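Engineer: A predicted structure for the sequence below; I have some questions about it.
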Amino acid sequence: MLDICNYYNMLIKLDEKDLAILNLIQENSKLTARQIASRIKAPITTVFAKIKRMEKQDIILEYRAILAPEKLVSGTTAFILASVSYRLKDGGVTSQRIVAKEIAQFLEVQEVHIITGDWDLIIKLRAEAVDSIGKFVVDKLRLINGLEKTLTCMVFETIKETTKLIIPKESIKKKH
């Protein structure tokens with residue numbers, strides 16, 4: 001995990017062309033270096049080098065397609081709040097991180113976050129239908145050692161769902 005100083009130093013090295021590239025590939029990761037170069041008015045070799053540098057610096061982590069879950073038998077979404085019991089029945093101990101990593105192994109699980117407040121984890125799950133989510137919770141999730149209780153919230157309708165990040169203008173390298 002990056003500390004705040006390394007994060008700031010990493011961001012400060014981005015220039016306007018870097019930010020333009022990041023914005024374009026967030027919108028459409030299928031764009032070629034040639035198409036990006038044309039849109040930002042830069043040489044293709046510059047665009048290619050900038051993309052490779054940002055990949056190497058782990059600014060660009062990966063490229064992927066966003067699929068329509070409702071067309072692929074995964075149209076039902078739920079968020080599950082989970083509470084961890086740190087003392088196990090066998091006398092051992094566990095942590096939020098250990099339980100979260102075990103939950104993350106399930107294919108139905110899209111996200112697992114360690115959170116603050118009355119609950120320890122929030123889990124995003126996609127499945128075929130409500131009964132599939134129920135079976136997952138009863139037959140898989142609640143069997144995890146250290147999981148104390150869950151609260152399942154079914155999604156009726158998704159108004160916004162994105163992976164796009166807002167890139168702050170402060171990230172731009174100052175030219176002197």
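Structural biologist: That came through fine.

Engineer: what's the domain layout of the protein?
Structural biologist: When the chain is parsed into structural domains using automatic domain parsing, the resulting residue ranges are 4-65, 69-154.

Engineer: mind putting those domains in CSV, mean neighbour count, mean pLDDT and distance to residue 167 included?
Structural biologist: From N, CA and C alone the C-beta is placed, and that goes for glycine too. Rendered in CSV, the data for those read as follows (neighbours: other CB atoms under 10 Å; pLDDT from 0 to 100; distance: least, CB to CB, whole Å):
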stretch, mean neighbour count, mean pLDDT, distance to residue 167
domain 4-65, 14, 88, 5
domain 69-154, 15, 95, 22
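
Engineer: Which one of the ones you listed lies nearest to residue 163?
Structural biologist: Each of the domains of the chain was scored for nearness to residue 163 using CB to CB, and the closest is domain 4-65 (7.6 Å).

Engineer: And that closest one, how far out from the chain middle?
Structural biologist: Chain-centre distance of domain 4-65: 19 Å, with CA atoms, centre = their mean, to the nearest Å.

Engineer: So residue 159 belongs to a helix, correct?
Structural biologist: No: the assignment for residue 159 by DSSP: H, G, I helix; E, B strand; the rest coil gives coil, which leaves it out of any helix.

Engineer: That one and residue 110, how far apart?
Structural biologist: Here residue 159 is placed at a distance of 17 Å from residue 110 (CB to CB, to the nearest Å).

Engineer: and if you look at residue 36?
Structural biologist: In this structure, residue 36 and residue 110 are separated by 29 Å, where distance is defined by CB to CB.
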